[in-house]
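J.: build me a model from this:
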Amino acid sequence: MCLLKLLKMDMKKGLSRPSFLAVVQTFLRPRLKCIDGELCLITGAGGALGRLFALEFAKEGAHLVLWDCNTAANEQTAKLAREIGVQVHTYTVDLSKRQGIYEAADRVRAEVGEVSMVVNNAGVVAGRRLLECPDELLERTLLVNCHALFWMTKAFLPQMKAKNHGHIVTVASALGLFSTACDYCASKFGAVGFHESLTHELLAEDLDGIKTTLLCPYIVDTGMFAGCEIRKELRSLIPPLEPLYTVQQSMKAILAEQQMVCIPRLMYIPFLTRAPLLMRRFVFCFPFVDCYLGMQIWQHIASWEVTNACYHSSRTWN
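T.: Sure thing, here's the model as predicted:
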């Protein structure tokens, strides 16, 4: 009875509408929105996923603003997107630099216009154990994977709020839902927490025209986690994801204005079981899938820094 009264109160305030829509979309195929003519900014556009995101958004008719710290890779993505027939603007930006983000955002507004969609795709990983990882790499992982989300949002959210129109996409990771690699998982936990909090802020301010989508894919076969393996018997069940499949599934979620998607669906399991299970029991599951061994092999191979936005290594992943 009390629950019914609270629901009626929320309906009067208009707060239950997002919850109602979430329930409806669980059972019905949502209608995909049109983004033709929208101005979409993608970070890490020179990397494997960033390039595929750019091409998929271009196919939908969105004009692009591409950010990356690797100028050559970014320009290659721009060339491919322009062949589809959309306007593309490129900027060389280091997302670990707060002031650099704000200055680049000002340039975009002055030279291109107001961004209506932001895809926070860039990410870095050090690939080392905590005590073996230099502080500089730890800081860079947190700056790019987590702190940059705050700065990007502060740079572009005000204009979205002024029109109550926009869409913010956070490319996090399934490793932001359960832990293995210390620095990377901590940064992605932060990304997930930031995104959820931002979504709640927007709902509390009744800004229903600004959408958010949290993407939590399993390990994607881009080379970023080369050598990371799980128990042999489970590899066929949850193999590394193909980049194109990952982006296509992500695009469906974005265009459907889905608030969160785990790819594949099996990745919802750690998300749903973390709360009911005690920490010790939850961590006990890791040896079953050989998470520790898999990360050790990967950490040994990844003695260089591999990023989705910028590569500081003799090996490059495309």
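J.: what about the residue lying closest to residue 139 once chain neighbours are set aside, which SS state?
T.: Excluding its sequence neighbours, the residue lying closest to residue 139 (Cβ to Cβ, 6 or more residues apart in numbering) is residue 96, at 8.0 Å. C-beta: built from backbone N, CA, C; applies to glycine. The three-state label given to residue 96 by DSSP: H, G, I helix; E, B strand; the rest coil is coil.
J.: tell me the contacts of residue 96?
T.: Going by Cβ atoms under 8 Å, 6 or more residues apart in numbering, residue 96 touches 139, 140, 143, 144, 148.
J.: now those: which count as buried?
T.: 140, 143, 144, 148 (16 or more other Cβ atoms under 10 Å).
J.: pick the one among these closest to residue 67.
T.: residue 148 (10.2 Å; Cβ to Cβ).
J.: what strand or helix carries the closest one?
T.: helix 148-163 (DSSP states H and E).
J.: output the contacting helices and strands for that helix.
T.: Under the contact criterion of 3 or more Cβ pairs under 8 Å, 6 or more residues apart in numbering; DSSP states H and E, helix 148-163 touches strand 39-43, helix 98-111, strand 117-120, strand 166-171, helix 182-204, strand 210-217.
J.: turn the ones you listed into TSV, columns for distance to residue 70, mean neighbour count and mean pLDDT.
T.: Below are these laid out as TSV (distance: least, Cβ to Cβ, whole Å; neighbours: other Cβ atoms under 10 Å; pLDDT from 0 to 100):
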stretch	distance to residue 70	mean neighbour count	mean pLDDT
strand 39-43	12	25	99
helix 98-111	15	15	98
strand 117-120	17	25	99
strand 166-171	17	24	98
helix 182-204	20	19	90
strand 210-217	22	23	94
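J.: output the below-cut-off pLDDT ranges for this structure.
T.: By pLDDT under 70, the weakly predicted segments of the chain are 1-29, 127, 175-180, 221-240, 264, 267-318.
J.: now the helices for it?
T.: Ranges of helices within the chain are 2-13, 17-27, 48-59, 71-82, 98-111, 135-142, 148-163, 182-204, 243-255, 268-273, 279-289, 291-301, based on DSSP state H.
J.: for the fifth one, give me every contacting residue.
T.: Outside helix 98-111, the residues within contact range by Cβ under 8 Å, 6+ apart are 41, 65, 67, 89, 91, 93-95, 115, 147-148, 151-152, 154-156, 159.
J.: out of the residues you listed, which end up buried?
T.: 41, 65, 67, 89, 91, 93-95, 115, 147-148, 151-152, 155-156, 159.
J.: the residues you listed: which two are farthest apart?
T.: Top of the distance list for those (Cβ to Cβ): 89 and 147, 24.4 Å.
J.: which positions within stretch 122-142 qualify as buried?
T.: 122-128, 133, 137-138, 140-142.
J.: next: stretch 59-67.
T.: In stretch 59-67, counting by 16+ other Cβ under 10 Å, buried: 60, 62, 63, 64, 65, 66, 67.
J.: likewise for stretch 32-52?
T.: 35, 38-52.
J.: isn't residue 69 right next to residue 97, touching?
T.: No. Using Cβ atoms under 8 Å, residue 69 is not in contact with residue 97; the gap is 9.5 Å.
J.: okay, these two: which has more neighbours?
T.: Neighbours were counted for residue 69 and for residue 97 using other Cβ atoms under 10 Å; residue 69 has more, 24 against 16.
J.: next one: phi and psi at the more buried one?
T.: phi -90, psi -10 (degrees, to the nearest 10).
J.: any idea how many residues pack against residue 163?
T.: Neighbours around residue 163, by other Cβ under 10 Å: 11.
J.: who's the closest spatial neighbour of it, skipping the chain neighbours?
T.: Nearest to residue 163 is residue 209, by Cβ to Cβ, 6+ apart, at 7.4 Å.
J.: tell me the spacing between residue 140 and residue 111.
T.: Residue 140 sits 28 Å away from residue 111, going by Cβ to Cβ, to the nearest Å.
J.: give the contact list for the spatially closest residue to residue 257 that is not a sequence neighbour.
T.: Leaving aside its sequence neighbours, residue 257 sits nearest to residue 211 (Cβ to Cβ, 6+ apart; 4.7 Å). By Cβ under 8 Å, 6+ apart, residue 211 lies in contact with 166, 167, 168, 257.
J.: any chance of those in CSV, with distance to residue 106 too?
T.: Putting the contacts of residue 211 into CSV (distance: Cβ to Cβ, whole Å) gives the following:
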residue, distance to residue 106
166, 18
167, 21
168, 19
257, 29
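J.: list the contacts for residue 116?
T.: 38, 39, 40, 160, 165, 166, 167.
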